[in-house]
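Chemist: Sharing a sequence plus its predicted fold:
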Amino acid sequence: MDVRYSTNPAEARGYDTAQLRRHYLVENVFVPGELRLTYSHEDRVVLGGAMPGAGPLRLEPDDALRTDHFCERRELAAFCVGGRGAVNCDGNAYPVERGDLVYVGRGTREVSFHSDDGSARFYLASAPAHRELPTTLVKAGDVTPIELGATESANARTIRRYIDGTLVQSCQLMMGWTQLAPGSVWNTMPAHTHLRRTECYFYFDLDEDARLVHILGEPDETRHLIVRNEQAVISPAWSVHSGAATGSYSFIWFMAGENYRFDDMDHIAMADLR
């Protein structure tokens, strides 16, 4: 497990490109036949990817957690980015395909990931949990799409909120899928922060030669990361999180922290961005 320590805005103002990427960018989310995780001290979230081949991949405990099993004190969400497979939780198999999600409740001892044909990819997000809630399968068709933005402002998009206390009740983890419409490239602009929560973005559905510019940092001292397909960004609570790409794309967002309110956002006026 890759461990990332917390950062503060005063430090981040002096980071060069390599330091920004080392602290905030997760480059290799999916590796064939492997399960890879990144542990961030920002609200102690964990993100990663599982790409099982012919055999299953088991979610093992790690010394960074110092627990007997991964979900002993954590909740977990597994989102199927592509392919067909299953998430197995304590002997119960939850079949999934692209767009389906499995919420795994605290206390689940055995979690493994299976692929029907070797192409399944599972994006993983986890946060500490204070109570046990039921493991739940959410099919893509169960989630009501919300249409936002406009083509004229290059931000027409569809948002699906999988974990926000409606379809799935979690302890603190919130998670959803945003898809940009063809011809739209901007996400989360005008920008916002939420000092009570860490948020992570996982970008996918980008063409192989496409690139995305992810904006981060304090509103008056922004920086950027160049991101390619199937990479993730850790956004500390003090940082904006926005982006634009050379073509349309999708991203998975998840949040964890102090409260459980999707609309807890401190909006930044365009005139105040620097």
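Modeler: Great, that's in hand.
Chemist: Flag the helix or strand of the chain with the lowest per-element mean pLDDT.
Modeler: Here the helix or strand of the chain ranked lowest by mean pLDDT, DSSP states H and E is strand 266-267, holding a mean of 90.
Chemist: ok, it: who's next to it in the sheet?
Modeler: The pairing partners recorded for strand 266-267 under DSSP bridges are strand 192-193 (antiparallel).
Chemist: can you tell me the average pLDDT over the strand it pairs with?
Modeler: Mean pLDDT, strand 192-193: 92.
Chemist: quick check, residue 161 in a strand?
Modeler: Yes. According to DSSP: H, G, I helix; E, B strand; the rest coil, the state of residue 161 is that of a strand.
Chemist: wait, what's in contact with the nearest residue to it once chain neighbours are set aside?
Modeler: Closest residue to residue 161 apart from its sequence neighbours, by Cβ to Cβ, 6 or more residues apart in numbering: residue 176 at 4.4 Å. Placement of C-beta: from N, CA and C, glycine included. Counting by Cβ atoms under 8 Å, 6 or more residues apart in numbering, residue 176 touches 159-164, 252-254.
Chemist: Nearest to residue 194 among these?
Modeler: Of all those, residue 253 has the smallest distance to residue 194: 11.7 Å, by Cβ to Cβ.
Chemist: Tell me what the closest one is bridged to.
Modeler: residue 176, residue 201.
Chemist: one step back: turn the contacts of residue 176 into JSON lines, including neighbour count.
Modeler: Output for these, formatted as JSON lines (neighbours: other Cβ atoms under 10 Å):
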{"residue": "159", "neighbour count": "16"}
{"residue": "160", "neighbour count": "20"}
{"residue": "161", "neighbour count": "20"}
{"residue": "162", "neighbour count": "25"}
{"residue": "163", "neighbour count": "24"}
{"residue": "164", "neighbour count": "18"}
{"residue": "252", "neighbour count": "23"}
{"residue": "253", "neighbour count": "20"}
{"residue": "254", "neighbour count": "26"}
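Chemist: Flag the least confident of those residues.
Modeler: Within the contacts of residue 176, lowest confidence goes to residue 164 (94).
Chemist: contacting residues around it?
Modeler: By Cβ under 8 Å, 6+ apart, the residues touching residue 164 are 174, 176, 262.
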